[in-house]
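Mind folding the following:
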Amino acid sequence: MRIGFGYDNHRLIAGRTLMIGGIDIPSPVGEDAHSDGDVLIHAIIDALVGAVAKGDIGGHFPPSDERYRDADSKELLKETLKITNADIINLDTTVILEKVKLKPYIEEIRKTLALILNTDIDRISVKAKTHEGVDATGHGESVEAYAIVLLNNP
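All right, here's what the predicted structure looks like:
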């Protein structure tokens, strides 16, 4: 078995869509990013490539490459599955977002990720936390996500 850990964060700005786990979350702000900025999927991608020792998201989908401008992170995750040949035992994630409440969207996010990752929903955990008003994330200026994945040895 192999374990991979991923992390991502993005500033939040007006005029962008807030994408979390492949879902468009109603919000007055969204991620400032080269792609669609889906912080959760980006953390999952880093966890997957890390588990198989194949670098990080920036090495596979560099922000300097115009092919990835406004890219759909769900498609990047599908490509990551091809790169890693991942057989997921379980995926545990946490999104840290101060002002927008994710609880109403957790099950939809889990279903979307299960479909993309071709695994059972009971293997995917998505948790939402706040930063209790501390730092940029706590002030509502950014969003963070963490992911840890356990894979059968590919």
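
State which strand of this protein is the longest.
The longest strand of the chain (DSSP state E) is strand 2-14.

Now do the helix or strand following it: distance to the chain's middle.
Per DSSP states H and E, the first helix or strand lying C-terminal to strand 2-14 is strand 18-20. Centre-to-centre, strand 18-20 and its host chain are 9 Å apart (Cα atoms, centre = their mean, to the nearest Å).

residues in contact with strand 18-20?
12, 24-27, 29-31, 36-41, 73, 95, 97, 100, 102, 105, 109, 143, 145 (Cβ atoms under 8 Å, 6 or more residues apart in numbering). (Glycine included, C-beta is placed from N, CA and C.)

What pairs with the helix or strand that it is followed by, parallel or antiparallel?
Later in the chain than strand 18-20, the nearest helix or strand by DSSP H and E is strand 23-25. Take DSSP bridges as the rule and strand 23-25 pairs in its sheet with strand 18-20 (antiparallel).

Rounded mean pLDDT for the strand it pairs with, please.
The average pLDDT within strand 18-20 is 97.

again, but for stretch 124-133
94.

burial count for the closest residue in space to Leu76 that isn't next to it in sequence?
Spatially, and ignoring its direct neighbours in sequence, Leu76 is nearest to Phe61 (5.4 Å; Cβ to Cβ, 6 or more residues apart in numbering). Neighbour count of Phe61, defined by other Cβ atoms under 10 Å: 20.

mind listing what Phe61 touches?
By Cβ under 8 Å, 6+ apart, the neighbours of Phe61 are 35, 45, 68, 71, 76, 79.

switch to 10 Å and redo it
Contacts for Phe61 (Cβ atoms under 10 Å, 6 or more residues apart in numbering) come out as 34-35, 42, 45, 67-68, 71, 73, 75-76, 79-80.
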